[in-house]
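*Asks:* next one to model:
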Amino acid sequence: MSKLSLARRTCSAGLAALVIAGAWTVPSHWSADAATTKGTLVGEGGDAITPIMLKFLRDDTAGLAPDFGSYTNVDIDQGIADFVGTSPGTFGTDFAVTERPLTTAEAAAAKANGRSFAYVPIAAIPVALMTLVPSSSYQGASTIAMSDLCQHIPLSLDQLDGIYGAPPYSGWNDSRLSCTAPPNTPAETYSFGLWANLDPTMENSALMSLLDSTTASEAAFKAGLTAAQTGGQASTNDPTASEHWPYAKSVPGGDETTFGKLIGLDRAGVPSTQAALIQLGAIMPVADVWTGEPLGVRWDLPTAAVQNAAGDFVVPSADAAKAAEADATYTPTASPTTSPVTFNANTTDPCNTNTTVPCAYNNFLMLESYLLVPTNGLPADKALALAQFIRFAVGSTGQADITSLGAAGATPAMVSADLAVAQQLDAEAATASSSSSTSTTTTTTSTTTNGTLAASATGTGSSSTGSTPASTGNTGSTAGALAVTGDDPLPLFALGFAFLTSGEAARRLLRRRKAKL
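*Replies:* Next up, the predicted model:
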């Protein structure tokens with residue numbers, strides 16, 4: 001074999017080794033040995049809280065420094081799944097946001113993977129029923145403004161049965177419905193569009209819980225689903241409350257994506273004025289924080305005035321949420337599958353519009369959003385950043401951000417409990433090393449301090465310095481949302497050897513050619 005041939009083969013072998021080593025060191029799409037990006041406090045959850053989280057991260061940028069904060073809508077179930085982890089010490093997110101407690105299986109998985117956690121209540125959010133129903137003054141023009149739509153359609157449970165159940169009403173112009181209160185102004189003739197976010201959401205579950213709240217209403221809801229399923233317009237005839245919307249009119253990808261379909265959002269996030277791009281007749285359960293100015297641009301979407309347990313028709317708002325929150329029970333326990341905040345659905349104090357006492361929103365349509373935070377295993381910098389983020393969320397600026405979007409902030413009892421969790425994270429940071437890449441077995445004792453809910457867990461926890469940037473898209477736990485860690489030296493050794501081999505082969509080949517000249 002000639003020296004030139006040998007050099008060429010050596011060069012080819014070196015390049016092959018380079019490719020293999022490079023592939024070895026690149027994160028695999030299916031890798032489970034993962035941790036979130038160093039220096040970035042990564043949060044995941046559903047879209048109910050997205051406008052609040054975006055506002056938080058913008059207003060708390062300086063407070064999180066030198067770390068960065070991120071939040072990704074991956075849907076509520078995927079956010080929890082990434083939080084509880086896939087194996088001991090392997091987690092796809094530093095914290096999650098949830099409107100429901102973990103299931104028994106999810107809590108057990110978190111414990112098995114070495115992650116203890118606490119619920120940190122930050123916002124009480126009304127589930128608005130957004131209605132895109134033209135008033136009788138709209139004459140079918142090609143353009144339409146929000147002022148052409150019925151504002152605050154009054155809806156009782158019986159009327160909701162006529163919309164979602166059977167026997168159904170004839171449409172929005174049915175004599176039993178009204179465009180405005182008192183019921184004397186009809187709406188235009190449009191059929192009901194029973195839309196929702198296709199992703200699993202507690203907004204879906206909240207509306208279905210209201211429709212299930214009486215025997216008569218549940219029967220009507222079931223009859224409506226049965227008829228719709230027969231016509232191919234529903235996936236089930238089971239009326240049991242669920243995160244999954246049973247009717248066919250739904251859009252995957254979150255609330256913002258759904259609104260893109262319903263109100264024709266342009267690139268700047270502004271609703272269209274072209275009637276052809278708006279799903280006229282639509283009604284949709286959505287977190288109220290999406291209806292006003294969710295992305296920095298005024299939407300002012302029309303929302304129904306839903307009747308509460310006291311008989312009042314109430315529009316979703318920060319004041320209505322605060323009044324509903326006053327009726328709620330806050331009893332944190334040591335159970336990781338119990339929600340600390342319970343809205344007492346059938347109990348509502350009558351409102352008095354002549355005083356400062358606001359009207360409470362329908363309690364079936366109230367959600368509590370929690371930061372789901374780990375109480376062990378975070379690197380020191382992330383533990384400190386998360387503690388600071390909790391203090392920001394329950395502080396004056398964070399609470400003002402919440403109310404400006406139409407939700408209610410934490411009560412004094414919740415704030416006290418939340419601050420206790422922040423102190424727990426401070427203590428964790430004092431003993432953790434932000435540059436550690438070792439795994440240790442830890443045992444965390446379940447504690448309840450000032451109302452702080454903490455789940456106990458025993459398992460293997462780990463922290464790591466090496467990482468790949470987390471995904472910013474709606475990708476769940478796919479590659480990019482997780483990063484390969486562990487600092488295995490073998491890939492680096494192979495990569496270095498490949499560089500040396502290919503470099504030496506190339507050098508010899510060039511010298512051989514030069515000698516022939």
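
*Asks:* against which helices or strands is the longest strand belonging to the chain packed?
*Replies:* Scanning the chain for the strand with the most residues, using DSSP state E, yields strand 117-131. Applying 3 or more CB pairs under 8 Å, 6 or more residues apart in numbering; DSSP states H and E, one finds that strand 117-131 contacts helix 202-211, strand 282-287, helix 318-326, strand 366-374, helix 380-394, helix 396-404, helix 412-431, strand 453-455. C-beta: built from backbone N, CA, C; applies to glycine.

*Asks:* let's see that with 6 Å instead.
*Replies:* Here strand 117-131 touches strand 282-287, helix 318-326, strand 366-374, helix 412-431, strand 453-455, going by 3 or more CB pairs under 6 Å, 6 or more residues apart in numbering; DSSP states H and E.

*Asks:* buried stuff in the second one?
*Replies:* Counting neighbours by 16 or more other CB atoms under 10 Å, one finds that the buried residues in helix 318-326 are Ala318, Asp319, Ala320, Ala321, Lys322, Ala323, Ala324, Glu325.

*Asks:* do the same with the longest one
*Replies:* For helix 412-431, the buried set under the neighbour-count rule, 16+ other CB under 10 Å, comprises 414-415, 417-422, 424-426, 428-429.

*Asks:* show the average pLDDT along that helix.
*Replies:* Taken as a whole, helix 412-431 carries a mean pLDDT of 95.

*Asks:* tell me the angle that helix makes with strand 366-374.
*Replies:* If you take axes from the mean of the first three to the mean of the last three CA atoms, to 10 degrees, helix 412-431 sits at 20 degrees to strand 366-374.

*Asks:* give me the helices and strands touching helix 412-431, please.
*Replies:* With contacts defined as 3+ CB pairs under 6 Å, 6+ apart, the packing partners of helix 412-431 are strand 117-131, helix 380-394.

*Asks:* who touches the last one?
*Replies:* It refers to helix 380-394. Outside of helix 380-394, the residues within contact range by CB atoms under 6 Å, 6 or more residues apart in numbering are 41, 60, 63-64, 67, 94, 120, 122, 373, 398, 410, 415, 418, 422, 425-426, 428-429, 432, 434.

*Asks:* so which residues of this structure form helices?
*Replies:* Taking DSSP state H, the helices of the chain run over residues 3-25, 50-59, 61-64, 76-84, 104-112, 157-164, 202-211, 215-230, 255-263, 318-326, 380-394, 396-404, 412-431, 489-516.

*Asks:* nearest to Ser191, of these?
*Replies:* Closest approach to Ser191 among the helices of the chain (CB to CB): helix 157-164, 10.5 Å.

*Asks:* and that closest one, which residues are buried?
*Replies:* Leu157, Gln159, Leu160, Asp161, Gly162, Ile163, Tyr164.

*Asks:* before we move on, back to that, nearest to Thr342, of the buried residues of helix 412-431?
*Replies:* Checking these against Thr342 by CB to CB gives Met414 as the nearest, at 12.9 Å.

*Asks:* hang on, that closest one packs against Pro121?
*Replies:* Yes. Contact criterion CB atoms under 6 Å: Met414 and Pro121 qualify, at 4.7 Å.

*Asks:* pLDDT weak spots in the chain?
*Replies:* Applying pLDDT under 70 to the chain flags residues 1-35, 181-183, 352-356, 433-517.

*Asks:* how near is the residue nearest to Thr36 when sequence neighbours are not counted to Thr226?
*Replies:* The shortest distance from Thr36 to any residue other than its chain neighbours is 4.1 Å, reached at Val42 (CB to CB, 6 or more residues apart in numbering). Distance, Val42 to Thr226, using CB to CB, to the nearest Å: 43 Å.

*Asks:* so who does Leu207 touch?
*Replies:* So Leu207 contacts Pro285 (CB under 6 Å, 6+ apart).

*Asks:* 7 Å - rerun?
*Replies:* For Leu207, the contacting residues are Val127, Pro285, Leu365, by CB atoms under 7 Å, 6 or more residues apart in numbering.

*Asks:* can I get those residues in CSV with distance to Ser87 and neighbour count?
*Replies:* Output for the contacts of Leu207, formatted as CSV (distance: CB to CB, whole Å; neighbours: other CB atoms under 10 Å):
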residue, distance to Ser87, neighbour count
Val127, 36, 29
Pro285, 36, 23
Leu365, 38, 26
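
*Asks:* distance between the ends of stretch 360-370?
*Replies:* Its start and end residues considered, stretch 360-370 measures 21 Å (CA to CA, to the nearest Å).

*Asks:* off-centre distance for it?
*Replies:* On the basis of CA atoms, centre = their mean, to the nearest Å, stretch 360-370 sits 16 Å off its chain's mean C-alpha point.

*Asks:* that stretch: which residues count as buried?
*Replies:* Ala360, Tyr361, Asn362, Asn363, Phe364, Leu365, Met366, Leu367, Glu368, Ser369, Tyr370.

*Asks:* and the nearest residue to Leu160 once chain neighbours are set aside, how many neighbours?
*Replies:* Distances taken as CB to CB, 6+ apart place Leu211 nearest to Leu160, at 6.4 Å, with adjacent residues excluded. Using other CB atoms under 10 Å, the number of residues around Leu211 comes to 24.

*Asks:* which residues touch Leu211?
*Replies:* Counted by CB under 7 Å, 6+ apart, Leu211 has contacts Leu160, Tyr164, Ser217, Phe221, Pro239.

*Asks:* could you dump those residues to CSV with distance to Ser136?
*Replies:* Output for the contacts of Leu211, formatted as CSV (distance: CB to CB, whole Å):
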residue, distance to Ser136
Leu160, 22
Tyr164, 23
Ser217, 29
Phe221, 29
Pro239, 33
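
*Asks:* specify which member of these is nearest to Thr180.
*Replies:* Distances from Thr180 to those, taken by CB to CB, are shortest for Leu160, at 17.4 Å.
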